[in-house]
Every structure is written in structure tokens, then in C-alpha cells.
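J.: Okay, predicted coordinates and the sequence, questions at the end:
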Number of protein chains: 2
Amino acid sequence: MRPRFHVPGVDAASASVALPEDEAEHLARVLRLGAGDEVEIFDGQGHLWRAEVLQAGKKSASVRLIAPLPAAREAGVAVTLVMSVLKGDKMDAVVRDAVMLGVSAIRPVVSERAETSLAALARSHRAERWHRIAVASAKQCGRAVVPEIGAPVPLEWCWAPSTRGTAPAEPARSLRVMCVEPSAALGDTTSVQLIAKPAAAQVIVGPEGGWTVTEVAAADAAGAILMRLGARTLRADAVPIVALSALLTTWGEL
Amino acid sequence: MRPRFHVPGVDAASASVALPEDEAEHLARVLRLGAGDEVEIFDGQGHLWRAEVLQAGKKSASVRLIAPLPAAREAGVAVTLVMSVLKGDKMDAVVRDAVMLGVSAIRPVVSERAETSLAALARSHRAERWHRIAVASAKQCGRAVVPEIGAPVPLEWCWAPSTRGTAPAEPARSLRVMCVEPSAALGDTTSVQLIAKPAAAQVIVGPEGGWTVTEVAAADAAGAILMRLGARTLRADAVPIVALSALLTTWGEL
């Protein structure tokens, strides 16, 4: 496989395409590529090209696009993983795996039992870090699309139709599926096999401490499906990958 | 939830049940429980009891069984995860998650591209470590069964009918499913939705470097199903959890 580099906003008509600094560094210093070497360029929006390195320096590199390549097929359901932020660096693996499983966007949320705050997330530039992980994961798994990592918001954002309607990655009419614990005796729960394939879905996953009764009631009132995943308690950081695998399998998209 | 302790080989008729040393230490030193406190005892074979602490010392503790409790339902398919040993401590999370997803056994194998050897695994007492993780995971997720962690063996063990027949955890007639990369153009691959529910299954997952052509050919020749998981390349340590989630969903067991 040719090495792949992410260049947002590629102009396909341009004779020379400059790589972003970190990608140039990776090309020249890590992979030690130079003029004449063949690479692949993707724009993160689903476009992929075969390309040839024109020049490579310490912090800059440029390529010439040779021909478009067929990009890997994207899932037939636009899934947004709405993930309550987990402790430490556990979100890193969640982002990496969700991208590999084909989500179209990830929306970090802060729920009542998330042990962080929007201010703390902003201070530590977590969203930028997750974006870099999403780029690396897309490269590694062969996707030409880099899922958008939305800015962290409060969980209530899910239930507010006005804000939901304005965010392009989360269609207002998408199916909403909240993963709940086996013990949550709060309204009717549905098993994954009964959830029909939608055009778009938000899959909403809680933090280590789970949801509060109020949060589950709000989801229920907003028309979300409360989905149970088997009879056993899963680790919080395993829930998104199990839920996505189970839903994509049910929808014939794995 | 009452704290749970693992006591292999409980004699339900006995007036007093002694806890293993590490469980006794957990009861007395970590949880600071003492005489009269209520706990749960499980034998790892599917039996669970409500019990009362009789005495608790530094390294010993005993309980009186009060009454049997209904144990969590086990999956209707006896799944053995046959896992090529991964690098570093990545197997720890695989064992933990596979137990939570309900496998009945885990068989570590050394395949050609596994970056370890049977001798190295024996020296570092890895199987004992994985057993401890399986016990902890069973406790945490509410299972009364601790899946058996088999001794590491070469991958070829899967294809040798004589050895397979003698290992009770891996029935000779179980369905064998080998997870293969999207790019493996080696024989026919099957998507998960087409795999009918068996009584027992071996789910065989490769190491970071994947399978060799010879290994896939041997699996094919032995009648294993070559299962692909979507069009994208997954991380090796995510494959078992995705494969188990997808199969259990297909079989109505999640």
C-alpha cells in the first residue's frame, strides 16, 4: 500500500499540492520519501488520489496529483457517535475504533456523571487531539473520509431540536439510540435486533458512572430508543464499539 | 449490589466456606468487611449464593452460605475465542472484554506472526495473569461463570482433530470462524449475517501482523468459515470485540 497523506481542501486542478506541516514532516522525516516517490492523498471528504512527490523538505512537501482513485465505500447509514467524555485518555481508543467502524461524526458530550467539564475540555484542547486521532485512524483503516469531531456540548444538546437542526453532521430527523445498562428499569428497552435501518442515527453512550434517572427520562421523552446490550454490564469504553458493531451488523453495514 | 467473591469448588453443604487468600484479602483489607456482612459467593461454574461473613482476618475469611441465587443467564452458544497472542499487555483488555461479552472459554494461540513464543508465555506466567483478569471481569459484569483460559498452544492445534476432541472446552463439532482482513483474497469469505447459529463456535482472531497465506489456507482446508468484518481494516485488539459483538448480534445472543 502506498503511504497516505491527509490534505484538507485539495484543489484537484492545481499543478502542485502542498502538504500541511505535520504531514510533510511525516513524509520526509519519518518515511524518508523524496521527489519521484508515489503516495496517496486524501482530502477527508471522500476524495483520494494517486500522487507523486515533487519536493520534500524538513517541514514542507508538495505533490503532483496523477489520477483519482476509487475511495473505500462509506457505510449506508450516517452514524454519529454521541459519546459522554470518559476519564483519562480512554476517549482516544473510542475515537480510533469508532472511525474504523465507519461513523460519520463523533460528538463528545458532558453528561451529569462525566468526570469533566466543558471548560476543562477546552483548556486541554481535547477536541483537537481527537481530531488528530481521527485523521490517523482514517489513514490506517483506509477511509477517505475523516469523521467530524464536534465541539463538546452538554448532553441536553441532543434533545434541543433547534440546535440539532443547525448542525449539518447531525440531521434533525436522525434516529436516536441511547445505550442503557441492563439494570436500568426506566421505560421500555429495545434489543438491537429490533432496530430498523435508518438513513442516519445518533448512538448515545454514557460515561463510567452511567446515566442519571433524569437523563434517561429526558431521552425517553425526546423519543430516543433505549437500547440494552445483553444481560451483562460492559465497561464504559467497550460500550461504543459493541453498540456500533451490533447496530451495523443488524443494518447489514459491517 | 453485594460484593462478590470467587470460591472455586464450593461445597454447598458445608457449614463454613473458606475464601482463597486473595479473595479474603480483598474482603477484609480492601472492602473492610467483617462478621455479619452480607456478600455473594460464586464458584465460577455458574453457581451463586447469598452468604454471610463468619470471620475475616488479614489473609483468611470464611462465610456461611444462606441461599442460592439465580445466576445471570449464559449465552445460548458456547463460544471459544481462539486468540493469537498480541503484543505487550493488549491481551488483558481482550480477555476482560471477551468475558463481559459472554464467551465460555479463551484459547491463546501462537501463530506465525505472533511476536512471542510458547516458551516466553510460560516464563512470564501469562496464562495465570489472564485467569485472574477473567475472574475479575466475571465479578464485575455479573457472570457466575469464569471462562476457562486454556494453556497457550500453536495455531495448528485448531486443525488437529485428535487434540481438539480431547479438550472439553472446545467441542470437536463446533463451528470454526476465522476472522480475515478485507484484503485477504484467499478463498471465499463470508459476511457475519450469513453465519447460522451453531451450538458451539470457535472464533479465531489473528495477531497485529495478520495471518500468513499458509494459515488461511489451512483454516479453509479444515472447513473453517473465513469471515470478513466490513471493508475497513480494524486494529488487531479491536477485532475480537467487534467479531464477538457481530456474531452474538446475528445469533440473537447480545
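T.: The structure has been received and is ready for your questions.

J.: How many neighbouring residues does A:Arg107 have?
T.: Neighbourhood size, A:Arg107 [other C-beta atoms under 10 Å in any protein chain shown]: 22. C-betas here are computed from N, CA, C, even on glycine.

J.: who touches it in this structure?
T.: Listed by C-beta atoms under 8 Å, 6 or more residues apart in numbering or on different chains, the contact partners of A:Arg107 are A:80-83, A:149-150, A:153, A:157, A:169-170, A:202.

J.: How about A:Cys179: which residues does it bridge to?
T.: A:Met227 (DSSP bridges).

J.: Which pLDDT value goes with it?
T.: As predicted, A:Cys179 sits at a pLDDT of 96.

J.: Going by neighbour count, list what's buried in the helix or strand where A:Arg132 lies.
T.: For A:Arg132, the enclosing helix or strand under DSSP states H and E is helix A:126-141. For helix A:126-141, the neighbour count (16 or more other C-beta atoms under 10 Å in any protein chain shown) marks A:126, A:130-131, A:133-141 as buried.

J.: before we move on, back to that, same list (the contacts of A:Arg107) but as TSV, adding distance to chain B.
T.: TSV is the format used below for these (distance: C-beta to the nearest C-beta, whole Å):
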residue	distance to chain B
A:Thr80	18
A:Leu81	14
A:Val82	19
A:Met83	16
A:Ile149	18
A:Gly150	22
A:Val153	27
A:Trp157	27
A:Ala169	19
A:Glu170	22
A:Gln202	19
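
J.: The residues you listed in helices, which ones?
T.: Of the contacts of A:Arg107, none are assigned to helices by DSSP state H.

J.: Now, of the residues you listed, which are buried?
T.: A:80-83, A:149-150, A:153, A:157, A:169-170, A:202.

J.: out of the buried residues of helix A:126-141, which one sits closest to chain B?
T.: Using C-beta to the nearest C-beta, A:Cys141 comes nearest to chain B of these, at 4.3 Å.

J.: List the residues that contact the closest one.
T.: A:Cys141 makes contact with A:99-100, B:232-234 under the criterion C-beta under 8 Å, 6+ apart.

J.: try it again with 6 Å
T.: Residues near A:Cys141 by C-beta atoms under 6 Å, 6 or more residues apart in numbering or on different chains: A:100, B:232-233.

J.: and of the residues you listed, the nearest to B:Val95?
T.: A:Met100 (21.1 Å; C-beta to C-beta).

J.: burial count for A:Leu31?
T.: 14.

J.: and it, what does it touch?
T.: If you count contacts by C-beta under 6 Å, 6+ apart, A:Leu31 has them with A:Pro3.

J.: Test for you: state the pLDDT assigned to it.
T.: Reported pLDDT for A:Leu31: 93.

J.: who wins for most neighbours among the contacts of A:Cys141?
T.: Highest neighbour count within the contacts of A:Cys141: A:Met100, with 23 neighbours (other C-beta under 10 Å).

J.: Grab the nearest non-local neighbour of it.
T.: Nearest non-adjacent residue to A:Met100, counting by C-beta to C-beta, 6 or more residues apart in numbering or on different chains: A:Cys141, 4.4 Å away.

J.: where do the strands sit along chain A?
T.: Secondary structure of chain A, counting by DSSP state E: strands at A:4-6, A:17-18, A:38-42, A:48-56, A:61-69, A:78-84, A:105-110, A:148-149, A:153-154, A:175-180, A:190-191, A:200-205, A:225-228.

J.: Name the residues that touch the fifth one?
T.: Counting by C-beta under 6 Å, 6+ apart, the neighbours of strand A:61-69 from elsewhere in the structure are A:16-19, A:24, A:27-28, A:48-55.

J.: could you measure the closest residue to A:Ala221 other than its chain neighbours against A:Ser174, distance?
T.: Spatially, and ignoring its direct neighbours in sequence, A:Ala221 is nearest to A:Trp159 (7.8 Å; C-beta to C-beta, 6+ apart). To A:Ser174, A:Trp159 is 13 Å away according to C-beta to C-beta, to the nearest Å.

J.: any low-confidence regions in chain A?
T.: Scanning chain A with the threshold set as pLDDT under 70 gives A:161-173, A:183-187.

J.: Look through it and state the residue closest to chain B.
T.: Chain A approaches chain B most closely through A:Ser245 (3.6 Å), counting by C-beta to the nearest C-beta.

J.: what's around A:Val7, how many residues?
T.: 22.

J.: quick one: it and A:Ile41 touch, right?
T.: Yes - contact criterion C-beta atoms under 6 Å: A:Val7 and A:Ile41 qualify, at 5.3 Å.

J.: Up against chain B, what does the stretch 151-254 of chain A have?
T.: Listed as neighbours of chain B in the stretch 151-254 of chain A under the rule C-beta under 6 Å from any C-beta of the partner chain: A:192, A:230-234, A:238, A:241-242, A:245-246, A:249, A:254.

J.: Excluding covalently adjacent residues, which one is nearest to the residue of chain A closest to chain B?
T.: Nearest non-adjacent residue to A:Ser245, counting by C-beta to C-beta, 6+ apart: B:Ser245, 3.6 Å away.

J.: measure that neighbour to A:Asp97 for me?
T.: Separation of B:Ser245 from A:Asp97 (C-beta to C-beta): 11 Å.

J.: Look at A:Trp159 and A:Ser174 and report which has more neighbours.
T.: A:Ser174 (19 against 16).

J.: Look at the closest residue to the more buried one other than its chain neighbours and say how many residues are nearby.
T.: Once flanking residues are discounted, A:Ser174 sits nearest to A:Ala200: 3.7 Å by C-beta to C-beta, 6+ apart. Residues within reach of A:Ala200, counting by other C-beta under 10 Å, total 18.

J.: A:Ala24 is in contact with A:Ser60, correct?
T.: Yes - using C-beta under 6 Å, A:Ser60 is in contact with A:Ala24, at 5.1 Å.

J.: In terms of neighbours, single out the busier of these two.
T.: Per other C-beta under 10 Å, whichever of A:Ser60 and A:Ala24 has more neighbours is A:Ala24, with 22 against 15.

J.: contacting residues for the more buried one?
T.: The contact partners of A:Ala24, taken as C-beta under 6 Å, 6+ apart, are A:59-61.

J.: list the contacts for A:Ala51?
T.: A:Ala51 makes contact with A:39, A:41, A:63, A:65-66 under the criterion C-beta under 6 Å, 6+ apart.

J.: quick one, helices of the stretch 151-254 of chain A?
T.: In the stretch 151-254 of chain A, the segments counted as helices under DSSP state H, counting those that start in this stretch are A:161-166, A:213-221, A:239-250.

J.: Tell me the residues on the stretch 1-150 of chain A that lie near chain B, please.
T.: Counting by C-beta under 6 Å from any C-beta, the stretch 1-150 of chain A sits next to chain B at A:72-73, A:97, A:100, A:141-142.

J.: Out of these, flag the one nearest to A:Leu118.
T.: Nearest to A:Leu118 among the residues of the stretch 1-150 of chain A next to chain B is A:Asp97, at 24.0 Å by C-beta to C-beta.

J.: B:Ala78 versus that closest one, what's the distance?
T.: As judged by C-beta to C-beta, A:Asp97 and B:Ala78 stand 27 Å apart.

J.: Those two: who's more crowded?
T.: The neighbour count for A:Asp97 versus B:Ala78, taken as other C-beta under 10 Å, is higher for A:Asp97 (25 against 20).
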